[in-house]
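1. coords please:
(one chain, ligands or ions: 1)
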Amino acid sequence: MTITLYCFRPAAGLPDASPFVTKAMVLLKMAGLDYVEDRSGFSKAPKGKQPYINDDGDIVADSTFIRFHLERKYGTDFDAHLSDEQKAVGWCVEKMCEEHLYWIIVRMRWMDDANFERGPARFFDSAPTIVRPLAKWFIRRRIAKSLWAQGMGRHSASEIDALGIRDIEALATLIGDKPYLFGDMPCGADATVFAFVASALSPMGESAVRDAALANANLVAYRDRIMQAYFPETETA
Ligand SMILES: N[C@@H](CCC(=O)N[C@@H](CS)C(=O)NCC(=O)O)C(=O)O
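-> As a prediction, the model looks like this:
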């Protein structure tokens with residue numbers, strides 16, 4: 001049995017540049033499943049996005065469907081120790097990260113010129129020199145259009161900061177002084193929250209949102225705790 005995880009690549013203190021890929025990595029590790037990483041599969045991604053997995057011929061795209069697949073096929077219950085109310089809160093928190101904070105992080109990484117040069121611009125380093133500027137311009141324009149369609153791109157930079165800081169403060173309050181979201185044991189939602197807290201803290205997105213995350217010592221400790229448990233080889237930046 002081989003599970004292949006199609007992913008991007010590590011970046012600026014993150015196991016992968018994509019928080020969704022990082023989430024999938026943590027879920028696989030939590031489930032105790034070995035996997036191999038393949039960084040060459042983006043052009044074949046069934047939904048045009050990563051992560052996706054090939055599990056012995058089963059192709060599963062999207063981090064949440066990967067979770068459902070692991071639960072179904074391997075009987076993993078990531079939330080066995082949670083009450084129904086905690087499971088419900090976990091789902092809400094995950095979706096706040098994935099559908100709201102994600103777009104704030106995309107905006108700070110891709111639309112801020114200094115962050116772009118420090119972070120995403122590096123993804124194009126392997127492109128031939130002659131087409132590199134055009135490729136950067138094209139992808140940045142596509143991301144700007146996605147931000148506009150999603151809605152986040154219609155707000156000013158300071159409005160987006162205000163929204164992102166609310167997300168960060170909500171996460172810091174929920175975690176409090178607990179090691180994990182709901183106490184002493186990690187649950188499925190911790191895979192997502194870790195991935196997004198680590199992304200918000202990465203120097204790829206210098207911003208008021210990152211400053212707010214850095215100012216919450218419990219969030220930094222939470223990131224460090226989970227990084228150490230699952231990615232001891234990754235040096236946080
Ligand atoms: N809902 C998806 C979101 C995955 C996603 O947005 N992946 C981004 C990277 S963070 C991607 O592959 N984007 C490529 C593109 O849109 O062209 C999941 O949970 O896996």
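2. can I see the domain layout of the protein?
-> Listed domain ranges for the chain are 3-74, 84-230 (source: automatic domain parsing).
3. Nearest to Ala237, out of these?
-> Shortest separation from Ala237 across the domains of the chain is recorded for domain 3-74, at 3.1 Å, computed as CB to CB. For every residue, glycine as well, the C-beta is placed using N, CA and C.
4. and the end-to-end length of that closest one?
-> 12 Å (CA to CA, to the nearest Å).
5. which residue ranges form the helices in this structure?
-> 19-30, 63-74, 84-96, 102-110, 113-118, 132-150, 157-175, 188-201, 208-215, 217-230 (DSSP state H).
6. now the helix-or-strand element of the chain with minimal mean pLDDT, how far from the chain's geometric center?
-> Least confident helix or strand of the chain, by mean pLDDT, DSSP states H and E, is helix 113-118 with a mean of 92. Mean-position distance between helix 113-118 and its chain equals 19 Å (CA atoms, centre = their mean, to the nearest Å).
7. do the same with stretch 161-176
-> For stretch 161-176, the distance to the chain centre is 16 Å (CA atoms, centre = their mean).
8. for stretch 207-225, same thing?
-> For stretch 207-225, the distance to the chain centre is 15 Å (CA atoms, centre = their mean).
9. Then stretch 36-47?
-> 17 Å.
10. Next, the buried residues of it.
-> For stretch 36-47, burial by neighbour count (16 or more other CB atoms under 10 Å) applies to Glu37, Asp38, Gly41.
11. could I get those as TSV with distance to Val131 and pLDDT?
-> As requested, the buried residues of stretch 36-47 are arranged in TSV below (distance: CB to CB, whole Å; pLDDT from 0 to 100):
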residue	distance to Val131	pLDDT
Glu37	26	97
Asp38	24	96
Gly41	21	88
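12. Among those, which one lies nearest to the ligand?
-> If you rank the buried residues of stretch 36-47 by distance to the ligand using CB to the nearest ligand atom, Gly41 comes first, at 10.8 Å.
13. Could you check how far that closest one is from Asn54?
-> Note on Gly41: its distance to Asn54, by CB to CB, to the nearest Å, is 8 Å.
14. Identify the contacts common to the two.
-> Thr4, Tyr6 (CB atoms under 8 Å, 6 or more residues apart in numbering).
15. Among the buried residues of stretch 36-47, which ones are in strands?
-> Glu37, Asp38 (DSSP state E).
16. Could you pull up the residues touching the nearest residue to Pro19 once chain neighbours are set aside?
-> In space, and not counting its chain neighbours, Pro19 is closest to Ala195: 4.0 Å by CB to CB, 6 or more residues apart in numbering. Residues in contact with Ala195, defined by CB under 8 Å, 6+ apart, are Pro19, Phe20, Thr22, Lys23, Val26, Cys97.
17. Just the pLDDT for Ala195.
-> Here, the pLDDT recorded for Ala195 equals 98.
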